[in-house]
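> Need a 3D model of the following:
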Amino acid sequence: MHFGYRTDGDFYRHAVMEHFDWLISIAPIKSFLQQIRAVNAIVVEEENQLTFLKSMEKFAQVVLDHMHNGREDMAVSLIRRVKATVDTMPDDSDYKGLYLKDIEARWGALIRTSTAAIGGPVGFDIMGDDVG
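Residues are numbered from 1 along each chain as shown. The predicted structure is shown next:
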């Protein structure tokens with residue numbers, strides 16, 4: 001990996017885009033560059049989603065580890081913190097709804113039946129507001 005880039009692919013993608021910018025300065029071919037940038041944006045978004053999905057799988061494993069070790073309070077706290085983070089994703093994100101549904105499907109019952117330290121008793125969200 002190269003400094004300033006998460007992956008080698010990020011580094012190479014940036015280098016290729018810089019090279020295309022240079023080519024455009026020699027002989028403009030704007031539609032070609034616009035298509036490449038559009039594809040690049042899609043690929044970067046998908047890579048970010050894959051990275052996030054990997055994080056969600058690690059998150060699930062940590063929750064299971066907490067439960068296996070008898071630490072339901074820590075598991076519920078972690079779930080609530082991750083859900084709060086997902087809630088901050090832009091509403092127009094294609095993935096926000098999927099992540100929230102996944103969290104609810106996996107851990108919703110646990111959160112609703114728990115009286116973990118973070119978030120208080122059943123019926124309260126992570127901020128302590130009554131959700132009824």
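> CA only for contacts and neighbour counts going forward, please
Will do.
> I'd like to know how far the residue most central in space within the chain sits from M89.
Nearest to the mean C-alpha position of the chain, counting by CA atoms, centre = their mean, stands F52 at 3.7 Å. Counting by CA to CA, to the nearest Å, the gap between F52 and M89 amounts to 12 Å.
> same check, this time on A75
Here A75 is placed at a distance of 22 Å from M89 (CA to CA).
> What helix or strand is W22 located in?
For W22, the element it lies in under DSSP states H and E is helix 8-26.
> Helix or strand: which one has the residue nearest to the centre of the chain?
helix 30-68.
> buried sites along that helix?
Buried residues in helix 30-68, counted by 16 or more other CA atoms under 10 Å: L33, M56, F59, A60, V62, V63, H66.
> okay, the angle between the least confident helix or strand in the chain by mean pLDDT and helix 30-68?
Least confident helix or strand, the chain: helix 8-26 with a mean of 81, by mean pLDDT, DSSP states H and E. Direction vectors for helix 8-26 and helix 30-68, defined by axes from the mean of the first three to the mean of the last three CA atoms, to 10 degrees, enclose an angle of 170 degrees.
> Give the rounded mean pLDDT of stretch 82-101.
On average, the pLDDT along stretch 82-101 is 87.
> can you pull the buried residues of the helix holding W22?
Residues of helix 8-26 classed as buried by neighbour count (16+ other CA under 10 Å): D10, F20.
> which helices and strands sit right next to that helix?
helix 30-68 (3 or more CA pairs under 8 Å, 6 or more residues apart in numbering; DSSP states H and E).
> Report the distance from the next helix or strand along the chain from the helix it packs on to the chain centre.
Sequence order places helix 72-87 as the next helix or strand after helix 30-68, per DSSP H and E. Relative to its chain's centre, helix 72-87 lies at 14 Å (CA atoms, centre = their mean, to the nearest Å).
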